[in-house]
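J.: Predicted model and sequence below, questions to follow.
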Amino acid sequence: MKHISSIAGGVALGSAGVVMMSVLSGCEAPQQEIQNRYLVIEQQTNGKYIVVEEMPTEGPNRAIIREKDADGKTIERFMNEAEMKALAEQEYQKVQNGTSETVASGNSSPGMGLAGTILAVAAGSLLGNMIGNALMNNKNFAKRSSSVNKSAYSRSAAGKASRTSTRKSFFGGTSARSSYGSRTFGG
């Protein structure tokens, strides 16, 4: 009988360990993977820019900029990651100074300047996740960044985010629940 009780105690301890590990793994903060992007940015008639195409890429960030010349012809030029990063850093300095249109309120015209558009769409992948998250926590920046990205990829990602809800878990924390599955983790 002594042998059976020690086995039962080991099974209970092992089960408790498995439950504890699943609870702890559910409480970890989700890691947002930074995805590089390939963008097509188009100049509007008002001189501002919007993103018309966006695709995740395994390679470096890069963009095609479509602008109108003096004759009204569309000209396309390539922008590499170094150029995009330089523009994003300049615009981020304006954000820090409070002079960037990306954080301005009340501007309802579509689009922003080229640097603001690049910062709004690719801040995390160009300048780092911490800066990208800090910017997205600014209500004006979040609103302006969503207004410049007209790509199908962005609309698809926004749709997935809106189908995710938060609810109370068994362990008292909150958990994200997606309409695609019903797996719940405590937190």
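T.: Ah, there it is. Residues are numbered from 1 along each chain as shown.
J.: so where does Glu76 fall, helix or strand?
T.: Per DSSP states H and E: Glu76 is located in strand 74-79.
J.: residues in contact with the helix or strand following that strand?
T.: As assigned by DSSP H and E, the chain's next helix or strand after strand 74-79 is helix 81-97. The contact list for helix 81-97 (Cβ atoms under 8 Å, 6 or more residues apart in numbering) reads 36, 60-63, 100, 102-103, 113-116, 118-119, 122-123, 126-127, 131, 135, 141. (C-beta placed from N, C-alpha, C; glycine too.)
J.: what angle do the following helix or strand past helix 81-97 and strand 74-79 make?
T.: Per DSSP H and E, the first helix or strand lying C-terminal to helix 81-97 is helix 114-127. Going by axes from the mean of the first three to the mean of the last three Cα atoms, to 10 degrees, helix 114-127 is angled at 30 degrees with respect to strand 74-79.
J.: helices or strands next to helix 114-127 in the packing?
T.: With contacts defined as 3 or more Cβ pairs under 8 Å, 6 or more residues apart in numbering; DSSP states H and E, the packing partners of helix 114-127 are strand 36-43, strand 49-57, helix 81-97, helix 129-136, helix 139-148.
J.: how much does the first one deviate in direction from strand 74-79?
T.: Comparing the axes of strand 36-43 and strand 74-79 via the same axes, to 10 degrees yields an angle of 150 degrees.
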